[in-house]
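1. with the sequence up front, the predicted model follows.
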Amino acid sequence: MLHLVGMSAVHPERCRAEDLLLIGDIGMECSANGQASRPDLFKAKLERPSGLSRKLDEQHIPDLRVIAGAGERELYTRDQADVPQLLKDALIDYHPEVVVQPFTYQAVASILEFARAHNIPVIPRGSGSSPFGGSIPVNGGLVMDVSTLDRVLEVDAQRKLVRVQGGCRWADVDHALSQHSLRLITCPSSRFSTVAGWICGGGYGVGSLGGGHLRDITTSLKLATTKGIVTLQPSQEEFRAVFGSEGQLGVVLEATLRVKGKDRSSRPHLVILKDLERAMDLAASIRSLDPLPEDLIYFSPGKLRHANELLGSEHFRTGHALLVTSSDERSEKGLCKLFSSSGVQEGEGYQARLLWHERYFPMKLRRLGPGMLGSEVLAPTAHLGRILQRAEDLCQEFALDPLLEVHFLQGPESLLLCYYLTDQTNQSLYTLDAAKSMIVTSSLMELGARPYSLGVWNNSFSDRWPREEMERLRKAKEELDPSGIMNRGKYLALKGRMFGGAGVIFSPKGSGLGFDVMARMHAPIAPFLRSLSAFSRRVMAPKAVDPLVRVANQCSMCGACISVCPAYALTKDERVTARGKLLTAKAMAEGGEVGREHAHRTFLCMRCKACEQVCQSRLELIPAYEVLEDRLEKVHGKDHVEIERFVRMAEASAHYEEMVSRGLVLGAPKNSMGGERRV
Ligand SMILES: Cc1cc2nc3c(=O)[nH]c(=O)nc-3n(C[C@H](O)[C@H](O)[C@H](O)COP(=O)(O)OP(=O)(O)OC[C@H]3O[C@@H](n4cnc5c(N)ncnc54)[C@H](O)[C@@H]3O)c2cc1C
Ligand code: SF4
Ligand code: SF4
């Protein structure tokens, strides 16, 4: 039985002063009832609301930013995945009618009440860094950007617990913990993604071998549903159902997580072996150690080759690599003993540290394409050798150069990533390569693998999802969202354009069957696909690519730059961020119209370089902003007074001060690294 709190009593519990070691981190105070108060947003002229946004505006819901402007809403029409445009246009209506940013739980509750009363789909969104389409609409509706609920509420150093809001980003949780010599047990390599986004869309990441799934370290969840706010405990079926639910049950407001102490003896080790079989045997021995190491990753020869190319030097010799990281002193001793008894030669310490550091930049390679595609599956660990070989062989048959990675987990499955570079500037080649990734995924399913995440683009394989988990999700949906507005039209019943036809096309009996047949007939179809790719590369490649579009295509749209941008902290408007500016540049180059208000928002930038510091693709962003601003100024002029007012306000903000002290804002006048905005 669930403990439901009625809509009229949605105030979260009070922070218990005796347990409280740290509240809030960047710039905002936490009020006595544990909620962040609304920041003083920079006020500027905004487009007038119309349609649904006007209706919502008329409700006068406190602590809510309603995004009405077409340009700003456009930034919510995609997540990290760059799905071929043709396919997207044909199948789904990915334009939200309105986007909202709530700053309190009461605002979330009021929105859910409004949406239920008007039967409007609600699509929760964190950083938008998932590649599966969970945070984009398929039938319009209301996108709720919950990354505004971003506070670390409580660090209990004694009990080793942290209580955070759902929109809090992992990097900020870790930063808050480090003040108490604590750290996360596990986190995604997308440290800029939100806690709720990973709860609802993933759960395996860095540290998963020792720490297990995110569900195993979560001790409680607070969820806003259309029936009220519920607190869920691990013993409840609904608690389990929230993990991987892709926003179909409610809005995750808070989570309490177990954390651990920092341990100086933990360190990475690298072993490079000649053949795959030996690498898998050694991995099996490492997995049988007690205590388990924190993390174990396999890298294929292709992955090491590309790492050398990106790092500009032959750091790693060709081979099958295992990167293993001990968790504490005992685990470190166990590993060293295993290596010496099995006679394996370790690589240099610096090589191991280099690869371990790169764990937070998996999309860096994308700039070499520009573009990257692939599949992510959970595969039976016992058959990994065979599955990796199949992935390698099939990619080569299709003229793809695969980069394979396995993240070893507890239990019978491991996470296998099979990526390859593609050229996103050539849409016909890109569409073809996207189809190949589905065939490769289907072929891996034949050997017992299953999709890592549910999602629009994985719906062809939804029948491979464990029946028990699907049933749990279905029951929780009936209980928590009987009106069916949460992420409506998604995986439990995918709909889309053509009177819901997308659901039929992207179904196990539609495209799933098609990919299955192609995977079985790979030998006769491979030469045909290779010729088509060669033709596309030769004939369909664009003659010239606008330099700004080139940078935009190198961007992995991960959103890391948003979390550190002082201009965003002050406006909560993605148009001022690197990701927003690159999308604006792309839209302009493709002939899209950029309005005056949109242009003037783009100018609100401090040139502080925090975005360049954290950029996943290591892009030189400041020169790109100069070109974009010149182009926009020619059409719309520039309001220097507004820019100056903005820069002065941002420089005086607590967020900016925090970023300077964390060493992120290289362009700050204090840091004398140049780059600051001259106004
Ligand atoms: C460089 C890079 C590295 C990555 N590494 C990993 C990794 O190690 N492991 C991994 O699993 N994934 C990884 N990902 C994928 C992705 O970043 C993660 O799944 C991430 O946790 C998603 O969080 P988000 O805040 O971006 O969520 P979004 O993409 O915004 O949303 C994901 C899903 O969660 C739902 N959702 C978001 N917020 C809420 C909320 N408050 N309440 C209810 N539902 C909500 C959305 O509706 C959607 O269905 C990586 C991505 C990138 C770009
Ligand atoms: S330079 Fe600073 S203010 Fe400008 S987009 Fe980058 S992080 Fe934001
Ligand atoms: S600019 Fe860099 S950090 Fe920002 S979304 Fe693109 S790749 Fe990620």
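-> Okay, I see it. All values derive from a computational prediction rather than experimental measurement. Numbering: from 1, shown residues only. Ligands and ions are numbered 1, 2, ... in the order given.
2. okay, whichever residue of the stretch 251-400 of the chain sits closest to ligand 3: pLDDT?
-> Per CB to the nearest ligand atom, Met363 is where the stretch 251-400 of the chain lies closest to ligand 3, at 6.8 Å. Just so you know, the C-beta spots here come from the backbone N, C-alpha and C atoms, and that holds for glycine as well. Looking at Met363, its pLDDT is 87.
3. in space, what's closest to it - neighbours in sequence excluded?
-> Ser556 (3.7 Å; CB to CB, 6 or more residues apart in numbering).
4. hmm, Ser617 and that neighbour touching each other?
-> Yes: in this structure, Ser556 is within contact of Ser617 by CB atoms under 8 Å, at 5.3 Å.
5. the more surrounded of these two?
-> Neighbours were counted for Ser556 and for Ser617 using other CB atoms under 10 Å; Ser556 has more, 27 against 21.
6. thinking again about what came up before, any residues in contact with both of Ser556 and Ser617?
-> Shared contacts of Ser556 and Ser617, defined by CB atoms under 8 Å, 6 or more residues apart in numbering, comprise 363, 366.
7. need the pLDDT of Ile26.
-> At Ile26, the model reports a pLDDT of 27.
8. kindly report the same for the one 3 residues further on.
-> pLDDT recorded at Glu29 is 31.
9. use 443 as the first number from now on
-> I'll keep to 443 as the first residue from here, and by that count the last item is Glu471.
10. can you tell me the SS state at Ala666?
-> Recorded secondary structure, Ala666: strand (DSSP: H, G, I helix; E, B strand; the rest coil).
11. what residues are bridge-paired with it?
-> Beta-bridge partners recorded for Ala666 (DSSP bridges): Ile671, Val693.
12. now do the SS call for Leu859.
-> Strictly by three-state DSSP, Leu859 counts as strand.
13. hey, what's it bridged with?
-> Glu818, Glu847.
14. so it makes contact with Ala833?
-> No: under the criterion of CB under 8 Å, Leu859 makes no contact with Ala833, lying 9.7 Å away.
15. comparing those two, which residue is more hemmed in?
-> Remark: of Leu859 and Ala833, Ala833 carries more neighbours, 27 against 19, as counted by other CB under 10 Å.
16. quick check: closest non-adjacent residue to that one.
-> Once flanking residues are discounted, Ala833 sits nearest to Cys860: 4.6 Å by CB to CB, 6+ apart.
17. domains for this structure, by residue range?
-> Domain assignment of the chain by automatic domain parsing yields the ranges 446-479+591-703, 493-589, 710-876, 989-1113.
18. ok, of these, where does mean pLDDT dip lowest?
-> domain 446-479+591-703 (a mean of 82).
19. any idea how far that domain is from the chain center?
-> 17 Å (CA atoms, centre = their mean, to the nearest Å).
20. so that domain, near ligand 1 or not?
-> Yes: using CB under 6 Å from any ligand atom, domain 446-479+591-703 reaches ligand 1 at 608, 630-632, 635-636, 638-640, 642-644, 646-647, 688-689, 693-694.
21. just stretch 500-519 next, same as before
-> No: if you take CB under 6 Å from any ligand atom as the test, stretch 500-519 misses ligand 1, and the best it gets is 9.8 Å.
22. let's see that stretch as PDB, backbone CA atoms only.
-> Only the C-alpha atoms of stretch 500-519 are listed here, as PDB (Å, rounded to 0.1, in the frame of the first residue of the first chain):
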ATOM      1  CA  GLU A 500      -3.200  32.400 -16.700                       C
ATOM      2  CA  GLN A 501      -3.000  29.800 -13.900                       C
ATOM      3  CA  HIS A 502      -0.400  32.100 -12.200                       C
ATOM      4  CA  ILE A 503       1.400  29.000 -10.700                       C
ATOM      5  CA  PRO A 504       4.100  30.400  -8.400                       C
ATOM      6  CA  ASP A 505       7.800  29.400  -8.900                       C
ATOM      7  CA  LEU A 506       7.300  28.200 -12.500                       C
ATOM      8  CA  ARG A 507       9.000  29.400 -15.700                       C
ATOM      9  CA  VAL A 508       6.800  28.900 -18.700                       C
ATOM     10  CA  ILE A 509       8.700  28.700 -22.000                       C
ATOM     11  CA  ALA A 510       6.500  29.900 -24.800                       C
ATOM     12  CA  GLY A 511       9.000  31.100 -27.400                       C
ATOM     13  CA  ALA A 512       9.200  28.800 -30.500                       C
ATOM     14  CA  GLY A 513      13.100  29.100 -30.600                       C
ATOM     15  CA  GLU A 514      13.600  28.000 -27.000                       C
ATOM     16  CA  ARG A 515      11.000  25.200 -27.300                       C
ATOM     17  CA  GLU A 516      12.900  24.000 -30.400                       C
ATOM     18  CA  LEU A 517      15.800  23.100 -28.100                       C
ATOM     19  CA  TYR A 518      13.600  20.500 -26.400                       C
ATOM     20  CA  THR A 519      12.800  18.600 -29.600                       C
END
